[in-house]
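Q: A structural model of the following input is requested.
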Amino acid sequence: MKVQMNTMLRSALLASAASASLIAAPTYAQAQTAGDGVDVGEIVVTGSRIRRDTFSSPQPLSVVTAEAIRESGNTSIGDLLMDQPNINPATNSQNSSGTLFLAGQTRADIRGLGPTRTLVLMDGRRLPFSDASSPAVDLNTIPSLMIERIETIAGGVSAVYGSEAISGVVNFIMKKEQDGLELDLQGGITERGDGEEGRYGFNYGKKFFDDKLSFLIGGEYASQDKIMQRDRGDMDPGIRRDTRLTPQPIIGASRANTSPYATFQLVGGALGTARAVTRDVRDNGQSIVRLSAACSTATVQPDCQDPSLFFSGPAYNALQAKSNRAVLRTYIDYKITDSWHAFIDASYVKANGYGIFQPAFSSAAGGGTMPVVIRGDNAFLNGGGTTAAQLRAEWLAAGKTLTTAQTAQVGKFWEEFGGRDVKTEREQARVAGGFAGKFQTFGRDVNVDGYVQYSELTGTTTSYNVPNIARVQQATDAVLVNGAAVCRDTAARAAGCVPWDLVNGASREAILWTNALSATEQKVKQTVAGLNFATELFDLPAGPIGIAFGTEFRKEQSQFDQDALGASGALFFNAIGSRGGEYTVKEIYGEIRVPLLKDIPFAEELTVELAGRASDYSTIHGTDQYRIGLTWAPVKDVRFRASEATAVRAPNIVELYAPQSRNFTTAAIDPCDKDVFRGANAAQQAARRVTCAAAIPGYNPLTFVSNFGAGRSSLPLLQGGNPNLGPEEAHTYQYGVVIQPRWVPGLSVSVDYFKYNITDAVGTVPINTLLGALCYDDTTQSVASNPFCTQIQRDPTGTNGGAVPGGVIQVLQVNQNVASTKVEGYDYSVSYGFHTEDVFGKDYGDIAMRVDATWMYKFVTQGLPGQAFVQLANTITNATPEWKGNASIRWSYDKISLGWSTVYFGSMIANQAQQAGVLDPYKTGDYFRHDIRGTYKLNDDITFRAGVVNVFDKNPPYLPETFQGTGTGSSQYDNRGRFFFVGANMNF
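A: As a prediction, the model looks like this:
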């Protein structure tokens, strides 16, 4: 039996061994060894806890081997997994530098349903969350050199594993033993000499006491350097849409009318009536320069190219995050008897991430987080020097007087403080102890295992150069008292206020008095205990009935605290405050596998599987879920599989207990804005003429320019948790077929249909749904009585934070069980492998080829029950290409192997909020990335590897929505360019 199974496994692996990219075996799981190191015929595959004597998985299963991880050239496991067609980009190397607390993390997101709906396991045990601000698992906390394989199931398996498994499970199967020392070294760099990466790891294992005690220890250190847009000639200065035209073509980026030195809005108004000047610092001198009409409006025009201004985008944008981490893991297994063993699995992680942000800024249009004005009696405006004289002349020419009542809005990137960089430091310790064994009852073996796992994470973030808003406003409001420049505010003067010279440049003392930092501390604890049984009840003609059952207990605790000054909202930073809480859950589950028919005509196999789980949460109380599966093989060459399941996700601590706090979004679009109005359909335009007019004094749909939207300031949000949330619920379906024709050895073809229906999804009402369909496109009720419109706070005069008359001050959002999502599509897989000697009569090595693809033609979301569903499939916004695939071919001969792989994303809509005909181009176009990798085995102990990722130096699509590759959707495109890596694996 063992020989037959090894032969079967070898054939399956040969058919799917494209380890230069993804090793995915949809039908077969790989062999597993028991904790005592003895090969066993029965295994447990991800997706079920029933032990089985076949390698057939109850659901489509993708497998990434240890060799694939090493040979990929990636230092981040998450970046490797993102090449799988069924995994979408979430937090990763390209976009985490733009997050406040997640820098350096990578997360798994199956089907694009979110990392919180993807459950991450290690050896079938739930891993702890890696952050208190956004609960999910950072895949970088797992030592890659100690991974034996990664198994991924895309489908509802909550009945087997519990909450968070709505979209599927990623299970890391870890090494349990090793003989001797293994070293692994890898380094890489881009063609342009930046983005350096390195990973250095080891494993050491040995057995003692007549092989009863097995000891394994290993760890790794990995680092990744940042890549800045300004250092890339082909991405600097960038591109934008020309909003003056319809459709909107792509043009070069415009310069910012918010200068690092200062711009002064002397006369507000529309194009042709506004007037602004800037302090121009070039050629070791400075002067006051009047800006062109295109650069003088509150919202910069597409053709603003004044040389005295700068391109703000590439100056501050990071294309890749900077991070480093050290991971240590040990596994100790002791064989008590031939049937029982005990184990300890412990790990420690220390990770640092670095968020990179532009400096604090004040908008030339006014409003925003830190509005600053200069008054006519400003001490430095009325001071000596050429620059002050030039500014006074412009001031007077604009019709202003040098008095307190006369003001000009200041636009400025406050580079004197430096970038608002964030350093995130996390330490996480995890220890699991347990046992496994078997005993007999009624003549049947009963396998049992149990464990207790405890983990604790502590972390801090330090946000640098987040100025004190009030102090900046006080320091810049300087007046002359007895011939000396002082702060106008007497209380501020008494507190040590140092006047800030906006005309000639600030002193070091003024910078120090206004600058600040904000710090947060977090702690996450998880306690899990489980007891599992598996056995066979009795034999049927088609085989034994297998069952598994057990119980689990879990306690989650989380606390996140911000320093008092930062939490008060006094700084140029998100006022988050403190949030924390805990919950417990007690669960029981059961599975049964019933073989109905076997080895008869038209039924080589017919098996049905049932699973159920009941849970009792301290927060949402009772939930239950089930799964029904059917496998039918009419002949040996064809296997049909089908499953239906329900799943739940309990709200996490942040969703339940987060206090209302300030946040910002750049994704919001104001339906009342003239450009957005122009792109709306006739019914929307008719509604907005009424509703926008009711909300905005003197509204004109042809001239109103909002204070937020593409290329403008971000929109402030007030967001928070809700302790009365209920569970998310899902119903999932999968139907598939696997064909492995005996007359074509090594060929495997699979097609699987998937469908997810998710209801009561936790989240806020989508911002653009709130602004559009629920408010300004709804004429069934007045704006004043519409509860969704009341969540949108506009500024009638433009002087209270809205920047322009009718601008939005903030939008209120809290978590609710309101959303629904429906997803449908197909997964395809074809693999073929053969020995050249079998085909050509001479041994030229082995060839392995593979193609995996996902066609997700439906991904629709509903903001509220009863509302229309919005199609997000094939859009950059939701990072869901309709078609995604990868293909690979690998040749192996003697000591050498070479592989070529290609990743493909189908053309996607750049912005689903705009209709076709408004943007040109409207779609991204098809995208291909090609990689080449190879290995050379010097001897049995030393193997070298090298490769080139993105061989043809393919940039993200040439659209403003994707060009940088740093958004969630656009980060699936490689933005670092051609990347070279080398590595070596050594065993002693």
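Q: how distant is the host helix or strand of L597 from the center of its chain?
A: Using DSSP states H and E, L597 falls within strand 579-600. Distance of strand 579-600 from its chain centroid, counting by CA atoms, centre = their mean, to the nearest Å, is 29 Å.
Q: Strand partners (parallel or antiparallel) of that strand?
A: According to DSSP bridges, strand 579-600 forms sheet pairs with strand 543-562 (antiparallel), strand 603-617 (antiparallel).
Q: I'd like the average pLDDT over the helix or strand just after the shortest one.
A: Toward the C-terminus, strand 603-617 is succeeded by strand 621-635 as the next helix or strand (DSSP H and E). Confidence over strand 621-635, taken as the mean pLDDT, stands at 94.
Q: what comes up buried for the strand holding L597?
A: 579-581, 583, 585, 587, 589-597 (16 or more other CB atoms under 10 Å). Glycine gets a C-beta too; all of them are placed from N, C-alpha and C.
Q: Equivalent analysis for stretch 636-647, please.
A: By neighbour count on 16+ other CB under 10 Å, the buried set for stretch 636-647 is 639, 641-647.
Q: Show me what D561 is bridged to.
A: The partner list for D561 in beta bridges (DSSP bridges) reads E521.
Q: And S971, how far from G195?
A: 14 Å (CB to CB, to the nearest Å).
Q: any idea how far S970 is from T514?
A: With distances taken as CB to CB, S970 is found 35 Å from T514.
Q: Same question for F380.
A: 15 Å.
Q: A484: neighbouring residues, count only.
A: The number of residues packed around A484, counting by other CB atoms under 10 Å, is 10.
Q: Phi and psi next, for it.
A: Dihedral angles of A484 (phi, psi; degrees, to the nearest 10) stand at phi -110, psi 140.
Q: Just grab the bridge partners of it for me.
A: With DSSP bridges as the criterion, A484 is bridged to V481.
Q: Same question for Y936.
A: Counting by DSSP bridges, Y936 forms beta bridges with I896, F944.
Q: ok, it touching S892?
A: No. Assessed by CB atoms under 8 Å, Y936 is found out of contact with S892, at 11.3 Å.
Q: more crowded one of these two?
A: A direct count of neighbours by other CB under 10 Å for Y936 and S892 places S892 higher, at 18 against 15.
Q: was I right about the more buried one contacting Y844?
A: No. Look at S892 against Y844 with CB under 8 Å: they stay out of range, at 10.3 Å.
Q: The helix or strand hosting V349 - what's its average pLDDT?
A: Using DSSP H and E, V349 falls within strand 340-355. In this model, strand 340-355 carries a mean pLDDT of 96.
Q: moving C-terminal of the helix or strand containing I288, what's the next helix or strand?
A: Secondary structure from DSSP H and E places I288 in strand 285-290. Using DSSP H and E, the helix or strand that follows strand 285-290 towards the C-terminus is helix 293-296.
Q: Flag every buried residue along that next one.
A: Quick answer for helix 293-296 (16+ other CB under 10 Å): 293-296.
Q: Touching stretch 441-449 from outside, list them.
A: 51, 434-440, 531-537 (CB atoms under 8 Å, 6 or more residues apart in numbering).
Q: Buried ones among the residues you listed?
A: Among the contacts of stretch 441-449, those scoring as buried are 51, 434, 436-438, 532-536 (criterion: 16+ other CB under 10 Å).
Q: that older thread, which element follows the strand holding V349 toward the C-terminus?
A: Sequence order places strand 361-362 as the next helix or strand after strand 340-355, per DSSP H and E.
Q: Parallel or antiparallel, which strands does the helix or strand just after that next one pair with?
A: Once the chain leaves strand 361-362, the next helix or strand it forms, by DSSP H and E, is strand 372-375. Partners of strand 372-375 in the sheet, by DSSP bridges, are strand 407-413 (antiparallel).
Q: can you tell me the average pLDDT over the strand holding I288?
A: Averaged over strand 285-290, pLDDT sits at 88.
Q: Would you mind writing the CA trace of that strand as PDB?
A: In PDB, the C-alpha atoms belonging to strand 285-290 read as follows (Å, rounded to 0.1, in the frame of the first residue of the first chain):
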ATOM      1  CA  GLY A 285      18.300  82.900  -3.800                       C
ATOM      2  CA  GLN A 286      14.700  83.600  -3.200                       C
ATOM      3  CA  SER A 287      12.000  85.900  -4.500                       C
ATOM      4  CA  ILE A 288       8.200  86.300  -4.700                       C
ATOM      5  CA  VAL A 289       6.800  85.100  -8.100                       C
ATOM      6  CA  ARG A 290       3.300  85.600  -9.300                       C
END
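Q: Tell me the strands beside that strand, with direction?
A: Applying DSSP bridges to the sheet, strand 285-290 is found paired with strand 275-282 (antiparallel).
Q: before we move on, back to that, what's the angle from the strand holding L597 to strand 621-635?
A: 30 degrees (axes from the mean of the first three to the mean of the last three CA atoms, to 10 degrees).
Q: From I336, how far out is G437?
A: In terms of CB to CB, G437 sits 8 Å off from I336.
Q: How about K322?
A: Distance of K322 to I336, given as CB to CB: 47 Å.
Q: my guess is L102 contacts S96, does it?
A: Yes. With contact defined as CB under 8 Å, L102 and S96 form a contacting pair (5.3 Å).
Q: more crowded one of the two?
A: S96 (31 against 27).
Q: pLDDT at the more buried one, what is it?
A: S96 is assigned 90 on the pLDDT scale.
Q: so who does it touch?
A: Residues near S96 by CB under 8 Å, 6+ apart: 102-106, 321, 323, 353, 355.
Q: ok, and the most crowded of the residues you listed?
A: Neighbour-wise, the contacts of S96 (other CB under 10 Å) top out at Q105, 31 neighbours.
Q: Excluding sequence neighbours, find me the nearest residue to that one.
A: Spatial nearest neighbour of Q105, excluding adjacent residues (CB to CB, 6 or more residues apart in numbering): D138 at 4.2 Å.
Q: Now for the one you found: which residues touch it?
A: Counted by CB under 8 Å, 6+ apart, D138 has contacts 105-107, 130-131, 351.
Q: hmm, try it at 10 Å
A: The neighbourhood of D138, defined by CB atoms under 10 Å, 6 or more residues apart in numbering, consists of 76-78, 91, 96, 102, 104-108, 115, 120, 127, 129-131, 325, 349, 351, 353, 426, 428, 457.
Q: Kindly report the same for Y626.
A: By CB under 10 Å, 6+ apart, the contact set of Y626 is 156, 158-159, 610-614, 644-647.
Q: measure K412 to T476 for me?
A: Using CB to CB, K412 is found at 9 Å from T476.
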